[in-house]
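**Student:** Just a sequence and a predicted model for now, questions to come.
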Amino acid sequence: MQKIFPILFFSLITLVSCGTDNDDKVSESIVTFNFNHNWDGSTVTNTNFSTIQYTNANGEELSITKLRYLISNITFQKSDGETFVLNGYNLVDVTNNTNLSFSPTTTIPKGSYSKVSFTFGFNNEDNYNNNYPDLNAASWSVPALLGGGYHYMQLEGRFINNITTQTGYVYHTIRAVDNSGATPTFQDTFFEVDLGEVTITNNATFEINMNIAEWFKNPNTWDLNTLNNMLMPNFNAQMMMFQNGQDVFSLSAVNQ
Amino acid sequence: MLKWTPYYILLFFVCLSCSNESVDEYVPTPSPLQIPQLFQDNILAPVIPTNNPQTVEGIALGKKLFSDPILSADNSQACVNCHAPENAFTDPDRFSDGIDGLLGNRNSMPLFNLAWNYDEKFFWDGRVFSLEHQAFQPVTDPLEMHNTWAQVEQRLQQHIEYPNLFERAFGTSTIDSTLVTKAIAQFERTLISSNSKFDKYLLGEVTLTPQELNGFNVFMDETKGDCFHCHGSDKNPLWTDNIFHNNGLDATITDLGLGKVTGDPADNGKFKSPSLRNLAFTAPYMHDGRFATLDEVINHYSEGLQNSPTIDPLMKKVDQGGVQLSTQDKADLKAFLLTLSDYHFIDNN
């Protein structure tokens, strides 16, 4: 019987050591980002797609048939400058109702953060320095003629034009490129979405909203009659999209 | 120490008994798909169901079944009759005739790179999920093999070879339709096309002519062909998005396509984008085989688009009939498209 004591003792130590690991994890939080969509306050899901029922700032009635976009670099920053960048990126696909919720694999320490943010699209390092099989398989890449990399957003649908005919629109955002000269000129169009200060006390779920109407509204009132297609190589259109995108996202709640 | 001896003996027999069990269980020979370099580098892994792994014996059985008219009611038609290797596993007919001489209403689809259809929706209208389930349909379709699965199972069971082949492929000589479709699916997943001239160009093994290069640019230029949004690119070697689109064939839609499957009018007239690989072997084109030549296909996108309530927004300049390519750009685009044809695939299957 005495021979069993060392085994019991060793087992006890092992169990205690496991318990200590659990204590460590308690100070870390899992964060989840839910992506919700609306048109000036009216909820938009893929069940609302394909019916002309929205009116943009320029007065055109339109439908949505496709909406997907890329977010990356979710960052938690403390007031002392310490930052935690969460692994991964997420291709939100409203059309297929997939990836509307994103839980990065990395956790963050509980505490107060002076700024939480994510990048709409990819920064240039992520856009050009990596090959992403999942994004390639989703036909998300940008032609080398336009500098390569990846789309940031694909928004498509139909609108009633100024001669009351239904016409398609294809509102795709990429890094702006001007190919008119001897060498292409680029302008960054990814942008940081600042979600503000957040104190993390537990596992947390961020409710992010995209107001799709904002893409057509401010500061550029978007005229679909003139800008409805072939916008990827249109430098000025890309810059206008970039400007309009600044107020598209908001944070409605952090549930924890 | 001696008092532990019985326990050691017991442990020895426990291990021995485990070992015996694993030796007795028959396991067919694994045969993982050979993933082409460009696929490995650029896109996600193929879809292989966990309950139907690729095996040497399963693939061989599937290949034999694919070519055997035993699946049809009158023993006159095999899968391969409408899916011939020399045509990249389609046939040259607009519509294929079944055993009763009746024509189908869709063009026979070519078969390759099927394991990379990530959504696993098969047929032009996506009505079937998974390659295994797809194989059920042609056998009983009155316009195709017009058989019953009960009869197929009975014939195979009484066949001089098949019970043994199923035993080797699946560990049972009791044949049922599920195992038949599993074997066919395993074979179909081995039909991988990845050795076209353009593949070799991307791998640095050959060069393209100036005409072919300009054709690729037309393909990738949103102000010209803008083909890449639906048909892949140098980053997507499948040359399809495997998604369903209305590409402006008709102003009035009679074949609802995906719309008949989903019941959603917004899906009316949508059909799966076919891969642009192997176009040299797969005429005629479109879901209904209406275009006999590639020139007709290119002319359709350039000048022939028809507006309808569900036409895809990616079909641009519909009011002008399409993207209005120049004669030279059309010729160059065609030259590029033909670089996607894989003669190695045709010759080795």
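**Tutor:** Everything's here; your move.

**Student:** Flag every residue of chain B that's near chain A.
**Tutor:** Residues of chain B found near chain A (C-beta under 8 Å from any C-beta of the partner chain) are B:41-44, B:116, B:118, B:217, B:220-223, B:226, B:228-230, B:232-236, B:238, B:241, B:264, B:266, B:307, B:309-319. To be clear about C-beta, it is placed using only N, CA and C from the backbone, and glycine gets the same treatment.

**Student:** what's residue 134 in contact with, if anything?
**Tutor:** You didn't pick a chain, so chain A it is. A:91, B:44 (C-beta atoms under 8 Å, 6 or more residues apart in numbering or on different chains).

**Student:** sorry, should have said chain B
**Tutor:** B:122, B:123, B:128, B:185.

**Student:** just to revisit the earlier point, filter the residues of chain B next to chain A down to the ones in helices?
**Tutor:** B:41, B:42, B:217, B:220, B:228, B:229, B:230 (DSSP state H).

**Student:** Weed out the non-buried ones from the residues of chain B next to chain A.
**Tutor:** Burial by neighbour count, 16 or more other C-beta atoms under 10 Å in any protein chain shown: within those this picks out B:42-43, B:116, B:118, B:217, B:220-222, B:226, B:228-230, B:232-236, B:238, B:241, B:266, B:307, B:310-318.

**Student:** Name the nearest residue to the residue of the stretch 201-349 of chain B found nearest chain A, sequence neighbours excluded.
**Tutor:** The stretch 201-349 of chain B approaches chain A most closely through residue B:313 (3.0 Å), counting by C-beta to the nearest C-beta. Once flanking residues are discounted, residue B:313 sits nearest to residue A:168: 3.0 Å by C-beta to C-beta, 6 or more residues apart in numbering or on different chains.

**Student:** a strand runs through that neighbour, doesn't it?
**Tutor:** Yes. Residue A:168: assigned to a strand according to DSSP: H, G, I helix; E, B strand; the rest coil.

**Student:** for the stretch 101-250 of chain A, what spans make up the helices?
**Tutor:** A:124-129, A:133-137, A:235-245 (DSSP state H, counting those that start in this stretch).

**Student:** mind putting the ones you listed in JSON lines, mean pLDDT included?
**Tutor:** As requested, the helices of the stretch 101-250 of chain A are exported to JSON lines (pLDDT from 0 to 100):
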{"stretch": "helix A:124-129", "mean pLDDT": "96"}
{"stretch": "helix A:133-137", "mean pLDDT": "97"}
{"stretch": "helix A:235-245", "mean pLDDT": "98"}
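
**Student:** I'd like those helices written out as a markdown table, with distance to residue B:348 added.
**Tutor:** As requested, those are arranged in a markdown table below (distance: least, C-beta to C-beta, whole Å):
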| stretch | distance to residue B:348 |
| --- | --- |
| helix A:124-129 | 37 |
| helix A:133-137 | 26 |
| helix A:235-245 | 45 |
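
**Student:** Residue B:24 is nearest to which of these?
**Tutor:** Among the helices of the stretch 101-250 of chain A, helix A:133-137 comes nearest to residue B:24, with 40.4 Å by C-beta to C-beta.

**Student:** Could you pull out the buried residues of the closest one?
**Tutor:** Quick answer for helix A:133-137 (16+ other C-beta under 10 Å): A:133, A:135, A:136, A:137.

**Student:** any idea how far the second one is from residue B:43?
**Tutor:** Distance, residue A:135 to residue B:43, by C-beta to C-beta, to the nearest Å: 10 Å.

**Student:** Isn't residue A:128 up against residue A:149?
**Tutor:** Yes. In this structure, residue A:128 is within contact of residue A:149 by C-beta atoms under 8 Å, at 5.4 Å.

**Student:** Would you mind telling me which of the two has the busier surroundings?
**Tutor:** residue A:149 (25 against 13; other C-beta atoms under 10 Å in any protein chain shown).

**Student:** Distance check, that one against residue A:232.
**Tutor:** Distance, residue A:149 to residue A:232, by C-beta to C-beta: 11 Å.

**Student:** which residues do the two both contact?
**Tutor:** With C-beta under 8 Å, 6+ apart, residue A:149 and residue A:232 have common neighbours A:142, A:174.

**Student:** Near chain B, which residues of the stretch 151-256 of chain A? Just list them.
**Tutor:** Counting by C-beta under 8 Å from any C-beta, the stretch 151-256 of chain A sits next to chain B at A:156-158, A:165-170, A:229-233.

**Student:** ends of stretch B:115-131, how far apart?
**Tutor:** In stretch B:115-131, first residue to last residue: 8 Å (C-alpha to C-alpha, to the nearest Å).

**Student:** who's in contact with residue B:266?
**Tutor:** A:49, A:50, A:51, A:65, B:259, B:310.

**Student:** swap that for residue A:210, sorry
**Tutor:** Applying C-beta under 8 Å, 6+ apart to residue A:210 gives the contacts A:35, A:36, A:37, A:38, A:69, A:248, A:249.

**Student:** try 7 Å
**Tutor:** Neighbouring residues of residue A:210 by C-beta atoms under 7 Å, 6 or more residues apart in numbering or on different chains: A:35, A:37, A:248, A:249.

**Student:** Counting neighbours, what do you get for the residue lying closest to it once chain neighbours are set aside?
**Tutor:** Nearest residue to residue A:210, sequence neighbours excluded (C-beta to C-beta, 6+ apart): residue A:37, at 5.0 Å. Neighbours of residue A:37 under the rule other C-beta under 10 Å: 20.

**Student:** Assign residue A:37 to helix, strand or coil.
**Tutor:** Per three-state DSSP, residue A:37 ends up strand.

**Student:** you'd agree it is up against residue A:94?
**Tutor:** Yes. Residue A:37 is in contact with residue A:94 according to C-beta atoms under 7 Å; the separation is 5.9 Å.
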